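Asks: quick check, what structure comes out for this input:
(one chain, ligands or ions: 1)
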Amino acid sequence: MAVPLPHPRHAFELTGGNLALDLANTKERRPTPAPVEFLHTYPDLVSWAVQARALGAAQGKALLALAGRRRDGARKALARALDLREALFAAGSALAGGRAVPPGALGRINQALSGALVRLRLSPAGRAGAAAWTWASEPHLDRPWWPAARAGAELLASEEVGRLRECGARDCAWLFLDTSRNGSRRWCSMTVCGNREKARRFRRRAPRSRPG
Ligand SMILES: [Zn+2]
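Replies: Residues are numbered from 1 along each chain as shown. This next block holds a predicted model:
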């Protein structure tokens, strides 16, 4: 059974369809003068990773305890997570807009990847002859973002990248994988941006439809 984290700070919207995109979406309203940051502290990062199932709750608690003893290390791990996040966003936003991935973004993703992949392991999967990917079990402050680095690299190298979209709402810019059959999904979330944008368009059209 999952061990709840002591202080869930924020319920993250996990609508990206890929862990790397869900990390990119931990900052919202990017196109506006007042973007909203959800990862202010190391516990925020751990909370995101647990909610996104990149990390078990018990592991999350162990990392919070470690971060309490190594505050400087936790600050640096958060900074590396944010750097990876911005590189993932730059790459994803470019691809969604039909542009090439900026070389600098690729370089920063590669840097994160090299830190993560040296901790990738195989563990017995419980069936003869089969093994499963896992992460080195000793607690490491960078552990929350390793799976996002791997997911982002795998996405960028796959054909799935053609389904990468940026939310059509003008103030959103969240990234997601469009898995709809006809590739017609326009919003990060219908309940959030879809309905809000439809209401906005209706309000814009409404005055023109009146006579006089
Ligand atoms: Zn949106």
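
Asks: going forward, measure contacts and count neighbours with C-alpha atoms only.
Replies: Will do.

Asks: so what's the spatially most central residue of the chain closest to, chain neighbours aside?
Replies: Among the residues of the chain, the one closest to the centroid is Leu23, at 1.6 Å (CA atoms, centre = their mean). Excluding its sequence neighbours, the residue lying closest to Leu23 (CA to CA, 6 or more residues apart in numbering) is Arg85, at 6.0 Å.

Asks: hmm, the lengthiest helix in the chain touching the ion?
Replies: Scanning the chain for the helix with the most residues, using DSSP state H, yields helix 71-96. No. Counting by CA under 5 Å from the ion, no contacts exist between helix 71-96 and the ion, the nearest distance being 13.0 Å.

Asks: residues of the next helix-or-strand element following that helix that come out buried?
Replies: Per DSSP states H and E, the first helix or strand lying C-terminal to helix 71-96 is helix 103-117. Going by neighbour count (16 or more other CA atoms under 10 Å), the buried part of helix 103-117 is Ala105, Leu106, Arg108, Ile109, Asn110, Ala112, Leu113, Ala116.

Asks: neighbouring contacts of the very next helix or strand once past helix 103-117?
Replies: Downstream of helix 103-117, the next assigned helix or strand under DSSP H and E is strand 120-124. Strand 120-124 has contacts (CA atoms under 8 Å, 6 or more residues apart in numbering) with Ala130, Ala131, Ala132, Trp133, Thr134, Trp135, Ala136.

Asks: quick one on the thing from earlier: what packs against the longest helix of the chain?
Replies: helix 19-24, helix 42-51, helix 103-117, strand 164-166, strand 175-177 (3 or more CA pairs under 8 Å, 6 or more residues apart in numbering; DSSP states H and E).

Asks: would you format those as TSV with distance to Ala79 and mean pLDDT included?
Replies: Shown next, in TSV, are those (distance: least, CA to CA, whole Å; pLDDT from 0 to 100):
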stretch	distance to Ala79	mean pLDDT
helix 19-24	13	98
helix 42-51	9	97
helix 103-117	11	97
strand 164-166	24	97
strand 175-177	21	97
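
Asks: I'd like the average pLDDT over stretch 123-139.
Replies: The average of the pLDDT scores along stretch 123-139 is 85.

Asks: my error: substitute stretch 180-194 in the last question.
Replies: Rounded mean pLDDT across stretch 180-194 is 88.

Asks: name all residues that make contact with the closest residue to Ala100 other than its chain neighbours.
Replies: Spatial nearest neighbour of Ala100, excluding adjacent residues (CA to CA, 6+ apart): Ala94 at 6.1 Å. Contacts for Ala94 were tallied using CA under 8 Å, 6+ apart; they are Ala100, Val101, Pro102.
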